[in-house]
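>>> sequence first, predicted model second:
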Amino acid sequence: MANLFRFGVSLEKKLLDEFDVLIKKKNYSNRSEAFRDLIRQELVKEEWQGKGEVVGAITLVYDHRKRELINTLTNIQHDFQGTIISSQHIHQDHDNCLEIIIARGAVKDVVNLADTLKSVKGVKHGAMNMSSTGKGIK
């Protein structure tokens, strides 16, 4: 614990009370863990503003019966095969599929992949979950 530092934070009582409710709801064991997580979240956002390597999960929901949609999505993924690490296809019901694509690479490449996939006609919902390679975060 030689690298552990303690410091004080001043907050209005109402804000601290709201924070305590939030961290309890999210199952944090204490305020320190919640603060660490918030700091890491901001550091990940900073990574995504830079030019380094990032990791992200792209989720897509679509109706597999839409003409040529699956071929279009597959062709896009082949165009980005250097960025895509893995993908998983889930049949949610008779009509709807969920696809999860894990991407790693330069920010511009991962964002371009996500934007390209989400904008395909027939995709009902697309989202990008930004994460980190973990190299720059302790």
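Everything's here; your move. Residues are numbered from 1 along each chain as shown.
>>> give the next helix or strand downstream of the lengthiest helix in the chain.
Here the longest helix in the chain is taken by residue count, with DSSP state H as the criterion, and it is helix 31-47. For helix 31-47, the following helix or strand on the C-terminal side (DSSP states H and E) is strand 53-63.
>>> packing partners of that following strand?
helix 69-79, strand 96-106, helix 107-118, strand 123-131 (3 or more CB pairs under 8 Å, 6 or more residues apart in numbering; DSSP states H and E). (Each C-beta comes from the backbone N, C-alpha and C, glycine too.)
>>> strand partners of that strand, parallel vs antiparallel please.
Strand 53-63 has the following strand partners under DSSP bridges: strand 96-106 (antiparallel), strand 123-131 (antiparallel).
>>> which of those strands sits most buried?
Among the strands paired with strand 53-63, strand 96-106 has the highest mean neighbour count (mean count of other CB atoms under 10 Å), at a mean of 18.
>>> run the chain-centre distance for the longest helix of the chain.
Distance of helix 31-47 from the chain centroid (CA atoms, centre = their mean, to the nearest Å) equals 14 Å.
>>> give me the buried positions along that helix.
By neighbour count on 16 or more other CB atoms under 10 Å, the buried set for helix 31-47 is Ala34, Val44, Glu47.
>>> okay but the second one is in contact with Lys135, surely?
No: at 11.6 Å, Val44 does not count as touching Lys135 under the criterion of CB atoms under 8 Å.
>>> which strands or helices does the least confident helix or strand in the chain by mean pLDDT pack on?
Using mean pLDDT, DSSP states H and E, the weakest-scoring helix or strand in the chain turns out to be helix 31-47, at a mean of 93. If you count contacts as 3+ CB pairs under 8 Å, 6+ apart, helix 31-47 packs onto helix 13-25, strand 123-131.
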